[in-house]
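Engineer: Provide a 3D model corresponding to the input given below.
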Amino acid sequence: MSSTLQDITIFATTTKLKTLFPLPVVNLPCLTSLRVIIKCRKDPSEDESDLRDIQLAIASFANSVRHTLGSLSVRCPPGHDLSLFYEALGDFRNLSSIDIDLTAELTSMPGGILHMQSIQFLLRHQETIEHITVSASKLLVIKQSTGGKYWFPRLKSFSLGSNVLTVCSEQTQAFLRDHTYTLQCLELVGPISPLELDELLTALSGESRRSVLTKLSISIYRLDLNLMLKLANCLPSLKTLKLCIMRVANGTSFAFTPGQFFPLRLPPHTDVHEFVTEVMACHELKTWQLRDIMISRPSCCAHLTLWHLMRFFAECIPTISSFAETGTTDIPDPSNPTPRHDTPRCAGGSFECFYGSDGLDAGPLSSFT
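Structural biologist: Next up is the predicted model:
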């Protein structure tokens, strides 16, 4: 088993990790991925002394497989410092993917961003890194503070908290501009404003740059024709689009919450919706080469996939041949199964779950004003 093992994922408390580490010395010639998620115990203060030893033990194990390891992710709850772990790591010649949560380090090292061990480890592997996931990111703040130019020549995908756009917008844009010709996938975790989206698109496509971005995932409040046209014009190479929205609107109406069957014409409302008319009349969308689309929104205790809205866009953008990266445009049945809850009380805080039953399914806006 050990000779063929490729992936190790551990999700445990510090108490459990103490019984696991140090792991027995075994030969793992094929191990390429290591993921460790450290859970908090009921009394977080009890974790501090244990966490120091565990960090060094995990680092020791990671170093023992550093010649084959390509993906590394270690996370613990906010407020716990992982700098010992990163400081103890050696050089990983094949490391291509890294997932860093800076929240803990920032909490324990205010003002010490330039000396953060996680960032130093990341920068030591600039030449091999292809995929970066950063939450509570201060990577771009470092760029501003030092005046340096952090170039990852192989960078293909970048995932970061959307708060980066708010906290250090200029540095985020500069980082994206520097990687316009390599970055193929961008994910922003958390909602962004229309202004932040405009700045993002300008960074990726402005000044005669031709973005090679093929996959984009964003959360934005309002979906309208203007949004889709911006994406089509600024990101002509985009093939996969993932949107999390709150409202739908057209140019002359107020924004409304789309139901899970929108924009089907369901009785008693058999008229075509204004949003549908506006989007269908747009000829520019018909030349966009988008292949896959995913649209969802929050509903009570979980996210609702808007399958019928995706099908509508597939009619307006002929190249779409897949929904939600499934490779097909088939709508599952049921399309949105009711989430399971461990208790009678809905996970959203209500006694009665309204998942999937909220929002406007069909009918002209004038019927609801």
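Engineer: from here on, contacts and neighbour counts on C-alpha atoms
Structural biologist: Will do.
Engineer: Mind checking what secondary structure Ile37 has?
Structural biologist: Under the three-state scheme (DSSP: H, G, I helix; E, B strand; the rest coil), the conformation of Ile37 reads as strand.
Engineer: what number of residues lie near it?
Structural biologist: Under the neighbour criterion other CA atoms under 10 Å, Ile37 is assigned a count of 16.
Engineer: Bridged to it, which residues?
Structural biologist: According to DSSP bridges, the residues that bridge with Ile37 are Phe11, Arg75.
Engineer: Can you give me the distance of it to Leu82?
Structural biologist: 12 Å (CA to CA, to the nearest Å).
Engineer: any common contacting residues for those two?
Structural biologist: Taking CA atoms under 8 Å, 6 or more residues apart in numbering as the contact criterion, the residues that touch both Ile37 and Leu82 are Cys76.
Engineer: which residues touch stretch 189-196?
Structural biologist: Contacts of stretch 189-196 with the rest of the structure, by CA under 8 Å, 6+ apart, involve Ser159, Leu160, Gly161, Ser162, Asn163, Leu165, Thr166, Ser169, Ile218, Ser219, Ile220, Tyr221.
Engineer: Is Leu197 within a helix or a strand, and which one?
Structural biologist: Counting by DSSP states H and E, the element that carries Leu197 is helix 194-205.
Engineer: Kindly export the following helix or strand past that helix (C-alpha atoms) in PDB.
Structural biologist: Downstream of helix 194-205, the first helix or strand assigned by DSSP H and E is strand 215-220. C-alpha atoms of strand 215-220 as PDB (Å, rounded to 0.1, in the frame of the first residue of the first chain):
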ATOM      1  CA  LYS A 215     -11.900  29.900 -15.900                       C
ATOM      2  CA  LEU A 216     -13.400  32.500 -13.600                       C
ATOM      3  CA  SER A 217     -15.300  32.100 -10.300                       C
ATOM      4  CA  ILE A 218     -16.900  35.100  -8.600                       C
ATOM      5  CA  SER A 219     -19.700  36.100  -6.200                       C
ATOM      6  CA  ILE A 220     -21.600  39.200  -7.100                       C
END
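Engineer: Please enumerate residues in contact with strand 215-220?
Structural biologist: Under CA under 8 Å, 6+ apart, the answer for strand 215-220 is 184-194, 238-246.
Engineer: How far away from the center of its chain is it?
Structural biologist: Put simply, strand 215-220 sits 8 Å off its chain's centre (CA atoms, centre = their mean, to the nearest Å).
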